[in-house]
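Undergrad: missing the sequence, but the structure's below:
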Ligand SMILES: C[S@@+](CC[C@H](N)C(=O)[O-])C[C@H]1O[C@@H](n2cnc3c(N)ncnc32)[C@H](O)[C@@H]1O
């Protein structure tokens, strides 16, 4: 994660702009002022830089939630802030020139808005969820040049490694997305996808809500799969296999194929590890038999006028509102020079979305982007609008 280790943080006079980088405002954690967020804009993309001031270490880095897709923008923003505020940098992993030339060339990396605005108009799409080292994804894309692949991952170093390979191998039938695959599935058009690969997902035995496979994930998978389309789960965890089987079997209009220790054309890094340990490997393949209705998502993210007080907002920090199929959790509050900002998670229990909301004067708005237009987010938004107004 790019960061600057600094001697002391100094505040600029906001807004401040130089050389294509604009620093708009600062948000200070309302309960501990050792955490601050600096709103930054480069080429119309807004994100936060994060300041962490522990007693022994002071860091300037990026906020994970709003992190831009380009590593170069992150580097520019960090270096620019340090220069403009005359910060003394003790140590850093940020370079002036682009370290990884392949990242500069790449256009395979897309953001969620790209898919939300208009899903690629292609006949045959396959999706790989959590591609890790990317061995399987790259192999598939190379072997099937006429098929369009979307690889989804949340681990940045894996994404960068795979992007490098996409350039080296000059693959033009593969797009990469840095996003939670469970949320992404909600905006894929119906009856579109021929295969979904979920190979060696993290079993999350203690935090089951973080698992990729869940009732709602299967529901969305069935909707997006063509008739006879396949969802391929491959796992070394007997627990995860049993849990997934139980979850799949409750679905109508599917058939299941179960295989044990099946060899596939390419073995992933994880698979090699488990094979060395002589662990069993389970395949559960769901074959879809349902033709689904078109995806229709009605609603918007409009907030009504703010009528409550900033004090009441700050008191929401740490609280959770639970409803039948979704929740709203107010993670923490920040003070702005002219308002309040709240970091919130909301939506369905197994696919929550994390967001910032800014309240200034009578206006409430999401920042820097709107939530993903999913059914659960739209429902949660309606309740959020009510809660923020008391
Ligand atoms: C155990 S690794 C397996 C990687 C690869 N499929 C393989 O077989 O080597 C699981 C991967 O899933 C990714 N992951 C976990 N949850 C995810 C989610 N909700 N959306 C996208 N990727 C996810 C993790 O970052 C990790 O790289």
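TA: Cool, got the structure. These numbers come from a predicted model, not from an experiment. Residues are numbered from 1 along each chain as shown.

Undergrad: by mean pLDDT, which helix or strand of the chain comes out lowest?
TA: Least confident helix or strand of the chain, by mean pLDDT, DSSP states H and E, is helix 101-105 with a mean of 47.

Undergrad: part of a strand, is residue 245?
TA: No. Using DSSP: H, G, I helix; E, B strand; the rest coil, the assignment for residue 245 is helix, not a strand.

Undergrad: what's the burial count for it?
TA: 15 (other C-beta atoms under 10 Å). Where you see a C-beta, it was placed from the backbone N, CA and C, and this is true even at glycine.

Undergrad: wait, it touches residue 258, no?
TA: Yes. Residue 245 is in contact with residue 258 according to C-beta atoms under 8 Å; the separation is 7.3 Å.

Undergrad: overlap in contacts of these two?
TA: residue 284 (C-beta atoms under 8 Å, 6 or more residues apart in numbering).

Undergrad: name the residue closest to the centre of this structure, please.
TA: residue 179 (2.8 Å; C-alpha atoms, centre = their mean).

Undergrad: distance of that one relative to residue 156?
TA: Distance from residue 179 to residue 156, counting by C-beta to C-beta, to the nearest Å: 12 Å.

Undergrad: and residue 58, by the same measure?
TA: Counting by C-beta to C-beta, the gap from residue 58 to residue 156 is 23 Å.

Undergrad: who has more neighbours, these two?
TA: Applying other C-beta under 10 Å to residue 58 and residue 156 shows that residue 58 carries more neighbours, namely 19 against 14.

Undergrad: and that one, bridged to which residues?
TA: Applying DSSP bridges to residue 58 gives these bridge partners: residue 6, residue 53.

Undergrad: what residues are up against it?
TA: Per C-beta under 8 Å, 6+ apart, neighbours of residue 58: 5, 6, 7, 8, 9, 51, 52.

Undergrad: when you check the ligand, which of those residues turn up near it?
TA: With the criterion set as C-beta under 6 Å from any ligand atom, no member of the contacts of residue 58 is near the ligand.

Undergrad: tell me which stretches of the stretch 1-150 of the chain form strands.
TA: With DSSP state E, counting those that start in this stretch, the ranges of strands along the stretch 1-150 of the chain come out as 3-6, 16-18, 21-29, 35-42, 45-53, 58-62, 89-92, 109-110, 125-129, 148-153.

Undergrad: can you list the residues that contact the second one?
TA: It stands for strand 16-18. 22, 23, 80, 84.

Undergrad: then the shortest one?
TA: Applying C-beta under 8 Å, 6+ apart, the set of residues contacting strand 109-110 from outside is 69, 159, 163, 175, 176, 177, 178.

Undergrad: show me what it pairs with in its sheet, parallel or antiparallel.
TA: strand 174-178 (parallel).

Undergrad: so what's the gap between the partner strand and the chain middle?
TA: 12 Å (C-alpha atoms, centre = their mean, to the nearest Å).

Undergrad: next: stretch 118-125.
TA: 21 Å.

Undergrad: beta partners for residue 257?
TA: For residue 257, the beta-bridge partners are residue 285 (DSSP bridges).

Undergrad: swap in residue 365?
TA: Assigned bridge partners for residue 365, using DSSP bridges, are residue 358.

Undergrad: that one touches residue 371, doesn't it?
TA: No. In this structure residue 365 lies outside contact range of residue 371 using C-beta under 8 Å: 11.6 Å.
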